[in-house]
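# heads up, no residue letters with this:
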Ligand SMILES: [Zn+2]
């Protein structure tokens, strides 16, 4: 895939696969509160495959957020993805 060569690769925190940024969801965790990346602070990436596998991603989320509140994090993640998809749908 030569056309991808100039695009920086980002690593998914869950499966550790690398992909171009546009294929990953950029998130952040501030004070154990998960949200979409707002342009400042520490961020991390989750790939689309892992976004569909919330059981698997919850461990990585707990690690990133330094939080043991698995259900809270997973529910928040679902909320973020749903909101994000609504926004994308509106743009089309
Ligand atoms: Zn992944």
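Perfect, thanks for sending it. Fair warning: this is a prediction, and the values are worked out from it, not measured in the lab. Residues are numbered from 1 along each chain as shown.

# Just give the closest residue to the most centrally placed residue in the chain, not the sequence neighbours.
Of all residues in the chain, the one closest to the mean position by Cα atoms, centre = their mean is residue 46, 3.5 Å from it. With sequence-adjacent residues excluded and distances taken as Cβ to Cβ, 6 or more residues apart in numbering, residue 46 is closest to residue 25, at 5.1 Å. Where C-beta positions appear, they are placed from N, C-alpha and C, glycine not excepted.

# Spell out which residues sit in contact with the one you found, please.
By Cβ atoms under 8 Å, 6 or more residues apart in numbering, the contact list for residue 25 reads 36, 45-48, 51, 80-81, 84.

# picking that back up, in which helix or strand would I find the residue nearest to the centre of the chain?
The secondary structure element spanning residue 46 is strand 43-47 (assigned by DSSP states H and E).

# Compute the mean per-residue pLDDT across that strand, please.
Averaged across strand 43-47, the pLDDT comes to 96.

# cool, stretch 85-92 as well?
For stretch 85-92, mean pLDDT is 79.

# Give the buried residues for that stretch.
By neighbour count, with 16 or more other Cβ atoms under 10 Å as the criterion, stretch 85-92 contains no buried position.
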